[in-house]
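Q: could you look at this predicted model? Sequence included:
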Amino acid sequence: MHDLAPLTALGSSAPQRDTIGPVTITENPDRALASVAARLGQDAACTKALASVLGTSAPDVAQCVQGPALGAFWMAQHCWIVDGPYDLDDPQTDLAARLKAELGDMASVTDQSGAWVRFDVHGDGLGALFERLCNLDMARMTDGTARRTMIDHLGCFVLSHRGGNTVYGPRSSAQSLHHALITAARSAF
Amino acid sequence: MNRLPTGGQIDRTTRLRFTFDGLPYYGHAGDTLASALLANGVRLMGRSFKYHRPRGVLSAGSEEPNALVQLRKGGRQEPNTRATVAELFDGLDAASQNAWPGLKLDALAINDRLSNFLTAGFYYKTFMWPAAFWEKLYEPIIRRAAGLGAITTDADPDGYDRGFLHCDLLIIGAGPAGLAAALTAGRAGACVILADEDFCMGGRLNVETHALGDQSGADWAAGVVAELASLPNVRLLARTTVLGAFDHGIYAAVERVADHLGQPEQGKPRQILWRIYSGRAVLCAGAIERPIAFANNDRPGIMLAGAMRAYVNRWAVTPAQTVAVFTNNDDGHRTARDLMAQGVDVAAIIDTRADAPACDGVQVMAGAQVVDSSGRLGLKSITVRQANGQEHRLSIGALGVSGGWNPNVALSSHQRGRPEWDDAIAAFVPGGALPQGMQVAGAALGQFSTQGALAAGAGAAIQALSDLGKTAQAPDLPMAEDGEVRITPFWHVGGTKARAWLDFQNDVTVKDVTLAHQEGFRSVEHLKRYTTLGMATDQGKTSNMGGLAVMAELTGQSIAQTGTTMFRPPYTPVALGALAGRSVGRDFRPTRLTPSHAWAVEQGAVFVEAGMWLRAQYFPRTGETGWRQSVDREVRATRGSVGVCDVTTLGKIDVQGRDAAAFLNRIYCNGFAKLAVGRVRYGLMLREDGIAMDDGTAARLADDHFVVTTTTANAVAVFRHMEFARQCLWPDMDVQLISTTEAWAQFAVAGPQSRALLQKIVDSEFDLSNDGFPFMACGEITVCSGCPARLFRISFSGELAYEIAVPTRYGDALMRRLMDAGREFDVTPYGTEALGVMRIEKGHAAGNELNGQTTALNLGMGRMVSDKKDSIGAVLSRREGLQEENGLRMVGFMPTSPQDRVIAGAHLLEKGAALRAANDLGYVTSACYSPTLDSYIAIGFLKAGDTRLGDVLRAASPLTGHDTEVTVVSPHFVDPDGGRLRA
Amino acid sequence: MRYSGFKILKEALSGHKGWTPAWRNPDPKSHYDIVIIGGGGHGLATAHYLASKFSQCNVAVLEKGWIGGGNVGRNTTIIRSNYLLDGNEPFYEFSLKLWEGLEQDLNYNAMVSQRGILNLIHSDAQRDAFIRRGNGMILHGAGAELLSADQVRREYPFLNFDDARFPIKGGLAQRRGGTVRHDAVAWGYARAADSRGVDIIQNCEVTGFHIENGTCVGVETTRGYIGAGKVGVAVAGNSSRVMAQAGMRLPIESHVLQAFVTEGLKPVLPGVITFGAGHFYCSQSDKGGLVFGGDIDGYNSYAQRGNLPVIEDVAEGGMALFPGLGRVRLLRMWGGVMDMSMDGSPIIDRTHIDGLYFNGGWCYGGFKATPASGWCFAHLLATDTPHDVAKAYRFDRFRRGRMIDEKGMGAQPNLH
Amino acid sequence: MIINHPLLGPCDAQEFTYLGDARLIDRPDGMAGDAEDAFYHYAYLRDNPAGEHRELWFHEQGDRSWLVVTRNTVTHQITSVELARDVARKQGRGV
């Protein structure tokens, strides 16, 4: 067990949480992410193998799924991001390595855990908030939808699920993204 | 004074105090500034642009050309606001503009006396002598006189927002057609947005007296709006102007959230720009009345007849106690009737039609014309020429003028729509190819009866929904007025030498159009540009038609043949703040922070913008008085022992797949196929045109796995380029790409003690010895007892150096650990300045050299471009112009006196050569003070530079006042053999 | 007719009866020595200089619509000669000198106003690049000044110095830069050319070239066939379309550039300013409107209109630079179709067809080039040799690897 | 503008980066004898019609796919959108 202390993307040791009107925006730093891209000609096999890893079918275009332990969302054709808990205590079980072990030559797997900041947004009136942030049609963002979009010049993923919306944005711009979410929420509510 | 005792849609129980030019007045909730001023007997509200003529309101809407005022003060000062749409609020502070010293007595009204000299285009014909006097004398005078309102140049303190809306059906305008359309589509369950510029939806229903069924128009409208508001699938946007129709059903609209308040609520925007994605749209923008030109038709008190009845019906204000109406159509008679119904004395209806119908209770002068008016600051009388030629004066305080109504076609013409002339209503109607998905209904289509508009609105909604595969039923619509349009076109009263205004704001008169015709400016666009007709803040909404008609008359062509000028967005002028939204000030663009940012802040680092990134530029220490001292220290410390620099900003691309090596072999001009696992190679990427695009390293972590680095600036472009190659050029290569720039915190650890430092951090099972981990080695390791990391033995500084990467969340901790562990070596953090100095000392090309204009040959890397393989850019790099022997080569420069500064951007000339372009031999790209050599040094591009080592040249920068004698040297100032790298 | 203050006085006192058309409206003749296709700024300037400098008066200018209806009438009116590269700078400096004497040459006040242009600097690398450029300008005799942030602040105190994402670190000024009343340029050249006998023929669209044995001998038009000793094409925006009729493919793409003007304001901006950390440049017209623009929309287009993303981007740039603009209202926006060339620089050259000459590829910089472009094209048409300052503007530079790429963006037209 | 992405459906064109003429897929063979001439034509002489145009767009803020969009440059109407990779394969490009 190494002794380097992690920082959240917003630059502190504990995640930030803001409630504005009916909406709560919570930084969620404890996620591991890895991209899975099917190797040439391995689309079907990789999709199938990923389903078995996830315990549910691999997400289709613009979809996200949640299996018993791992979730995943669609990033590009035959390419997904798998999401699971970040195990601070046991880096040996890191997600990318596990996936690589399972998927072998079927896929290219890349650790993306550090690449993104994640904000979970829940509460009433998410539509009123997100219509000021991005051009996604929130009426069509049914549970299980995952889209890449732009929020104040930042390329982000917005995932819609039962618990609310999740926003993944570029980690280095976590403060700008947080500021955008907060400002839009104050404007909307 | 002029407020009628009853009626109107104002809240007489709410008294709002406001000021105009410092004088206090009162109005009511529901008033506009214009209606409130009229109610207080204020007719004079502005001055015209050119002649500074006194002006009052012409209209009751956003088409207003005359009554422009400045609202608010300080940073919120807002010029050119139309009093006709400014919603009254308590404390509103308005001032007149374009008048000095005051509205009543305006010095520049002298221009009016000189009008005979200031005709259309006069300035093209004079002010040419002497040439220098234009900027010095004439222009400053003209500029001061021109302009309308003023801004303070203080920052706007209010915020703006931008947002995105989606709908099946966008309905633009909430008059009878729009409300009927919204009701139809709303009840059918479609996702509907109904936008209207007014604060009270209903359009003309709010200003007309005719009934819808057994209700007043306003009551019917309010009822429909209430029903729509109750439907979850309908979004009502009042105070929202649809500004423009863009491609594929996208509309821009601005919602004025807080303009009716003194200032926005805390945290709330003043306005929101909505980008509306619509499946279909129905344009129900109504119609705009047009005036008739006659001599001195611009006095305060002369207004559009429809506006006059709007003031009476909606705001219970009459512009004067005695009025008259001048019309060429039946609608003018309606104004007279409505005013009489409110007890206003209507002196006469002057109707240009010989067959004008009679009107109960008022004299109709058929076949008559208004030939002049009087009253310096407001209308006192008009002169009427009757059908029999007799002229007589009528003393009146206001005149309503109706020349007919123009369908409001603007948004239908923002793309390829071109209005077509309709004789039946003597006006242009939407024509040509309308914006994709748009229909037009109601008065905007020339359907002027209320009944017709209601039915058309419902019909358009049914059609639009049907296009989208949805069905809808027409609602039961009330019976309403269904009159025909009766108009005999009449544009201007002739036979006068006096000026008759067409464009009120820009002071374009019938005479100006005549002069334009006489001088050959006959196409509508020439007419517009020569006379400025229609170029004012109202964009010709009330003036263009008259100008076209006059020109048509002069050329003998029909109005249809004459055509219209182009309609352009925005429909009405829009605050720039709204278009920019939240992307202002420090939020103009996102900020990217490095993993060690918080730590660097603690160290007191000075930061610099590097693209979107904020990077530590240098780390000043107590006692250091200038940045140079800090940078020199950082360089010396690194070269003397060890330094650490956050280099996370470099782009990183993970390249995997069976064909990864073959792929990189085509992306880089140098070979990559044979790079061994565990090794790194420098790579140069060319654009297909043979110019250097980017450079970096590629590390082979496995047979099928590389990590490629790019420069900070080009990370995005390189990724796009590689995806292009992967998907479009070689789609059957097995390669997958993903950016990992943000995934890893990466630090350069450089200097002779870098190995010793890293050995304290890197877990002991990894061999860092020179044999175990030689120059250009790479590997996946762990640090600090098991934290996964990557180590690359690469060097930008020229020292023994490494780059070490850990998952981003541990970057801060690793930096702190490096500092702790390095204390025994006096480890020194260094910033981008020291990084830059060391790379210049080493002669590495960076952004200043890889400037998109240089080739591998220019950069001294010509031999890297392999001719043994097909790589991007190799072929075109061989063109003769890029292979000249005498071409630019990257070399180094040392001043002959070490402390003489060499300036980046200086040009190179032979010693003694004159400062002339013909003598130009190249330029300095990067320069710095080298603490290592204790001299200024520079690198740059010199013609045939590789053959000129040792020559003494002149590096001249007359721009900065530097002119330095320099010796041409190798660009590798420090350790040219690379011994330190490999130590 | 000569224009003057005296003439205005005289006409004012006699009811303005004496003004005659600024140019005639002749029917086309069957043959001209030189036919110029395109009645925009460049075509009209070419005609003027052919007549006034090269004694070529048997010249027609054919315009498919009304003269000045293309980019000369839809630009942001800026003139400057602050180019970086040797291939460009002498040409634009020649142009600026011609602007400086334009009104006397044409007897038409085009309101050439040299209130200066300032390119702002926001980073050290940008300063280095601007120093290189400014020194080049000085070497070419064009003049340049490097301003510190404080000096910029003194001249433009209302710019965003204190709350900027990309702070202003200085600026490169060319005091001789400025603006010109764009329509007047077209009209002034037209009037001057017409007065020397050039026929300006409006509503006359060229529908084909008549090429015999590799030589162009005339053009088919909507007003009939017109024979020509030489044909010069100056139709920037439509170059590919027109030259395709002669079977040529050009190193040019057509892109839309939007421009914007606000409502009139009392004087606030002294000169032209260019934001260096976003897409925004701005000047204030004599009428008081702020005239501004930004980047091209970025996709091939022949539609004279653009879309929202660029409009918003430009507004963001404006607000970032000048936070007091928030309440200033945008009055009108429009689009022009640009000949975006493969290196961002123009072409003035003969074609492989004898008698057919080409002028185009002006990107978004054609307006300031108008006088020099006209002069150099006239020179080429009259003498069959390129003018000294335009000798780099050849077709074959791409084949030979002699691009003139100011921005260093390569063969990607929408990035220039 | 709206680009109807073959996988994702309608997307605002703002999410895309434009490259241009879809013939850029047809990169010549750099080792062929006439390569310099072929590359000159390839890199510099692109289609620029007033009308229907096949062009490359990159979904930079989306799924990072390159698309071939057939769009009218006069009306901006889009009539077809394909994945560039499929087009490239159909045109015989492989490894």
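A: That came in fine, so what should we check first?
Q: which residues does the residue nearest in space to the middle of chain D contact?
A: With distances taken as CA atoms, centre = their mean, residue D:56 lies nearest the centre of chain D, 2.3 Å away. Residue D:56 makes contacts with B:724, B:728, D:18-22, D:24-25, D:66-69, D:84, as judged by CB atoms under 8 Å, 6 or more residues apart in numbering or on different chains. All C-beta atoms are positioned from the backbone trio N, CA, C, and that covers glycine.
Q: so what's the residue in chain D positioned nearest to chain B closest to, chain neighbours aside?
A: Nearest to chain B in chain D, going by CB to the nearest CB, is residue D:30, at a distance of 3.3 Å. In this structure, residue D:30 finds its nearest non-sequential neighbour in residue B:870, 3.3 Å apart by CB to CB, 6 or more residues apart in numbering or on different chains.
Q: how about the one you found, what does it touch?
A: B:666, D:29, D:30, D:31.
Q: quick check: next helix or strand after the strand or helix carrying residue D:67?
A: According to DSSP states H and E, residue D:67 maps onto strand D:66-72. Counting by DSSP H and E, the element after strand D:66-72 in chain order, helix or strand, is strand D:78-83.
Q: who touches that following strand?
A: The set of residues external to strand D:78-83 that reach it, using CB under 8 Å, 6+ apart, is A:77, B:248, B:727, D:1-7, D:52, D:65-72.
Q: circling back to that earlier point, the strand holding residue D:67 pairs with which strands, and in what direction?
A: Within its sheet, strand D:66-72 is paired with strand D:52-58 (antiparallel), strand D:78-83 (antiparallel), according to DSSP bridges.
Q: before we move on, what SS does the closest residue to residue D:32 other than its chain neighbours have?
A: By the measure of CB to CB, 6+ apart, the closest residue to residue D:32 outside its immediate chain neighbours is residue D:38, 6.7 Å from it. Residue D:38 carries the three-state label helix when classified by DSSP: H, G, I helix; E, B strand; the rest coil.
Q: list the contacts for residue D:38?
A: Counted by CB under 8 Å, 6+ apart, residue D:38 has contacts D:28, D:29, D:32.
Q: where does the stretch 101-250 of chain C get nearest to chain A, residue-wise?
A: Using CB to the nearest CB, residue C:165 is the residue of the stretch 101-250 of chain C that sits closest to chain A, at 10.1 Å.
Q: per-residue pLDDT, that residue?
A: pLDDT recorded at residue C:165 is 97.
Q: same check, this time on residue B:130
A: pLDDT for residue B:130: 82.
Q: and if you look at residue A:1?
A: On pLDDT, residue A:1 comes in at 77.
Q: just the one 5 residues further on next, same as before
A: Reading off the confidence values, residue A:6 has pLDDT 94.
Q: repeat for the one 3 residues further on
A: As predicted, residue A:9 sits at a pLDDT of 96.
Q: so what's it up against?
A: Contacts of residue A:9 (CB under 8 Å, 6+ apart): A:27, A:29, A:116, A:117, A:171, A:174, B:808, B:809.
Q: check residue C:276 too.
A: Neighbouring residues of residue C:276 by CB under 8 Å, 6+ apart: C:119, C:120, C:121, C:122, C:123, C:126, C:166.
Q: downstream of the host helix or strand of the first one, the next helix or strand is which one?
A: Right, residue C:119. When secondary structure is defined by DSSP H and E, residue C:119 falls within strand C:117-121. Downstream of strand C:117-121, the first helix or strand assigned by DSSP H and E is helix C:124-139.
Q: do any residues in the strand holding residue C:119 lie close to chain B?
A: No: using CB under 8 Å from any CB of the partner chain, strand C:117-121 never reaches chain B; the gap is at least 11.3 Å.
Q: and that strand, how far from the chain's centre?
A: The chain centre lies 20 Å from the centre of strand C:117-121; the measure is CA atoms, centre = their mean, to the nearest Å.
Q: so what touches it?
A: Contacts for strand C:117-121 (CB under 8 Å, 6+ apart): C:78, C:80, C:82, C:127, C:130, C:147, C:152, C:155-156, C:159, C:168-174, C:177-178, C:271-277, C:321.
Q: quick one, helices of the chain?
A: Just going to use chain A. A:43-54, A:95-103, A:126-130, A:174-188 (DSSP state H).
Q: looking at chain C here, not the other one
A: Assigned by DSSP H, chain C shows helices spanning C:5-13, C:41-53, C:89-100, C:102-106, C:124-139, C:149-155, C:182-195, C:239-244, C:308-321, C:366-383, C:397-400.
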